[in-house]
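>>> One predicted model, sequence on top.
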Amino acid sequence: MMGGLFADISPWRLMALPFIECLVLVGIHSYLGLHVIRRQVIFVDLSLAQIAALGTTIGFLLGIHPHGMGAFLFSLSFTFLGAAVFAITRTRKARVPQEAIIGLVYAMAAALMILVIDRAPHGAEHIKEVLTGSILWVKGSEVLSATVAYAIIGVFHFVFRKRFMAITDDPEGAREQGVNVVLWDLIFYMTFGFVITFSVNTAGVLLVFVFLVVPAVIGTAITDNFKHQLLIGWAMGTVVSGLGLVASYVLDLPAGPAVVSFYGLVLLLVALTLYVVRSPSWLRALGHVGMGCLVLVLLVGYFNVLRALINAVPGWKRGEHHATQAHAPGHARKRTAVGRLDDLDLEAKEKAVKKMKDLAQLKRFFAKAETPGAKLNLAERVAQINSREGAKLLVTVLVSEAPIFFRNTALERLAKICRRPFAVDLMEDDEAKISKVITEVKGCVHTLVARPAPAAATPPRPKPVPAAAASTPPG
């Protein structure tokens with residue numbers, strides 16, 4: 001999401017913190033992923049991440065900022081409940097596989113999140129943020145807090161590594177030795193859920209799942225030694241994260257999905273390499289890989305022919321006017337900088353706009369922005385630079401048809417600029433009162449704009465030199 005939007009920012013400065021955050025995530029998730037692979041509960045991470053997202057969403061509906069401590073506590077509480085469910089359902093003679101319970105919990109958490117977010121303002125942006133995260137805009141304080149939190153969890157697991165490995169590899173043997181497997185499973189899932197809650201806040205559900213599973217799968221595919229698996233996962237995660245972030249910058253792609261895609265590509269390449277290397281006949285294995293590539297090319301050709309056929313046959317193509325605009329030649333041109341700003345989630349918009357300093361550019365972006373979140377962030381940034389210009393833009397947001405949340409925020413900013421309270425609730429009060437207050441706001445802003453700007457301090461005029469002194473030559 002870079003390109004012209006942050007052309008004046010060094011790529012090293014922009015990517016340094018996201019890369020460090022990826023390293024921190026790889027460090028703890030590769031280890032936990034090996035436990036998940038050995039327990040054969042692959043989707044427990046996805047389920048716990050979805051439960052954490054549900055907790056954040058409920059807090060969001062109650063007016064708690066998604067990235068505040070209150071939202072984190074909401075999310076962590078829900079995650080601990082999920083951890084208790086998974087610990088209790090791992091029984092010796094379960095008729096229903098635990099993976100089925102994990103999938104059911106995930107589906108229910110996802111459905112409840114959709115029901116809850118339907119009642120919240122700008123819910124679509126929140127869902128996008130939960131899925132893809134905002135790792136590109138991670139702060140140094142967030143990286144530091146994650147490092148400390150994960151280090152504490154890592155030390156705890158190292159101290160009790162024998163106990164955790166026992167309940168992971170051989171729970172029945174651990175029970176026979178007197179180990180309370182349910183209790184230690186609960187501790188494992190609670191620490192696991194704590195890490196997931198921390199991670200989802202910045203990386204999103206999809207990237208967290210990939211960080212957990214892909215390095216562990218690659219390490220497990222290469223060797224059976226746990227230490228070697230962990231080292232391979234760390235090395236692979238470091239390289240792939242760096243390549244994904246570089247690709248996101250160079251190709252102007254969202255950072256999180258770019259890293260996820262690179263993990264998938266590397267996993268495919270590793271699988272093909274191992275298949276060829278371990279095959280009794282290298283030539284036959286290479287032939288199979290070549291046939292797979294040929295099938296892929298044929299599939300691409302098939303879908304191209306299918307697309308041409310759908311375009312050629314009348315009535316097969318819905319929304320003819322819209323489709324003509326969307327799929328005309330050259331439609332895949334690069335998005336504008338304003339379009340890329342509109343694509344960002346709530347917190348990322350705020351962080352991106354804070355980096356902009358050109359008042360004229362900010363006003364141009366405001367005129368072209370389509371989402372109310374982008375317009376509000378741009379207007380607030382303009383107000384920080386020039387309160388008069390910012391007040392005019394904030395009034396535009398206030399009188400627009402944007403969701404109440406954005407209009408209320410614009411009204412609060414205008415109250416600070418005008419230095420007077422505007423006692424109105426845009427959600428509850430009647431139209432007459434709202435209209436009256438908006439008229440007061442417009443009057444205040446008009447007065448502010450009409451007021452002459454403070455004159456710049458002028459340097460004192462030099463004293464006139466007497467004519468006689470000026471005409472006297474130097475002695």
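Yes, it's here.
>>> hey, which helix is longest across the protein?
Longest helix of the chain, by residue count under DSSP state H: helix 181-222.
>>> show me what contacts the residue nearest to residue 228 when sequence neighbours are not counted?
Nearest residue to residue 228 in three dimensions, chain neighbours excluded: residue 219, at 7.2 Å (CB to CB, 6 or more residues apart in numbering). Where you see a C-beta, it was placed from the backbone N, CA and C, and this is true even at glycine. By CB atoms under 8 Å, 6 or more residues apart in numbering, the residues touching residue 219 are 30, 34, 228-233, 236.
>>> Show the pLDDT at residue 219.
At residue 219, the model reports a pLDDT of 91.
>>> how far does the strand or helix carrying residue 295 sit from the chain's center?
Assigned by DSSP states H and E, residue 295 belongs to helix 282-312. On the basis of CA atoms, centre = their mean, to the nearest Å, helix 282-312 sits 34 Å off its chain's mean C-alpha point.
>>> Only the buried residues of it, if you could.
With burial defined by 16 or more other CB atoms under 10 Å, the residues of helix 282-312 counted as buried are residue 285.
>>> And stretch 145-153, by the same measure?
For stretch 145-153, burial by neighbour count (16+ other CB under 10 Å) applies to 146-147, 149-150, 153.
>>> do stretch 411-423 as well
For stretch 411-423, by 16+ other CB under 10 Å, it's 411, 413-414, 417-418.
>>> Out of those, which sit inside helices?
411, 413-414, 417-418.
>>> Show me which of the residues you listed is closest to residue 208.
Closest approach to residue 208 among those (CB to CB): residue 413, at 34.2 Å.
>>> Please tell me how far that closest one sits from residue 438.
Using CB to CB, to the nearest Å, one gets 14 Å for the distance from residue 413 to residue 438.
>>> how far away is residue 282 from residue 288?
Between residue 282 and residue 288 the computed distance is 11 Å (CB to CB).
>>> Can you get me a residue count around residue 38?
15 (other CB atoms under 10 Å).
>>> wait, isn't it in contact with residue 170?
No - with contacts counted by CB atoms under 8 Å, residue 38 stays clear of residue 170, the gap being 10.1 Å.
>>> in terms of contact, does residue 150 touch residue 27 like I think?
Yes - proximity of residue 150 to residue 27 meets the contact threshold set by CB under 8 Å, at 6.6 Å.
>>> all helices in the stretch 101-250 of the chain, in order from the N-terminus.
For the stretch 101-250 of the chain, the helices defined by DSSP state H, counting those that start in this stretch occupy 123-132, 140-159, 161-169, 171-176, 181-222, 226-250.
>>> nearest to residue 48, of the ones you listed?
Nearest of the helices of the stretch 101-250 of the chain to residue 48, taken as CB to CB: helix 181-222 at 4.7 Å.
>>> any idea how far the closest one is from the chain center?
Distance, stretch centre to chain centre, for helix 181-222: 17 Å (CA atoms, centre = their mean).
>>> how far off helix 140-159 does it point, in degrees?
Helix 181-222 and helix 140-159 are oriented at 100 degrees to each other (axes from the mean of the first three to the mean of the last three CA atoms, to 10 degrees).
>>> Could I get the phi/psi values of residue 138?
Backbone torsions of residue 138, given as degrees, to the nearest 10, read phi -70, psi 140.
>>> Just give the number of residues close to it.
Neighbours around residue 138, by other CB under 10 Å: 25.
>>> OK, contacts around it?
17-18, 21, 202.
>>> Now render these as a markdown table, adding pLDDT, distance to residue 47 and secondary structure.
Putting these into a markdown table (pLDDT from 0 to 100; distance: CB to CB, whole Å; DSSP: H, G, I helix; E, B strand; the rest coil) gives the following:
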| residue | pLDDT | distance to residue 47 | secondary structure |
| --- | --- | --- | --- |
| 17 | 85 | 29 | helix |
| 18 | 86 | 26 | helix |
| 21 | 88 | 23 | helix |
| 202 | 78 | 19 | helix |
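>>> Need the max-distance pair from those residues.
The largest separation in those, counting by CB to CB, is between 17 and 202 at 10.1 Å.
>>> pLDDT below threshold where in the chain?
Scanning the chain with the threshold set as pLDDT under 70 gives 1-13, 65-67, 91-94, 118-133, 317-355, 427-428, 451-475.
>>> Break it down into its structural domains.
What automatic domain parsing lists as the domains of the chain is 3-278, 337-450.
>>> can you put those domains in CSV and add distance to residue 311?
Shown next, in CSV, are those (distance: least, CB to CB, whole Å):
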stretch, distance to residue 311
domain 3-278, 27
domain 337-450, 25
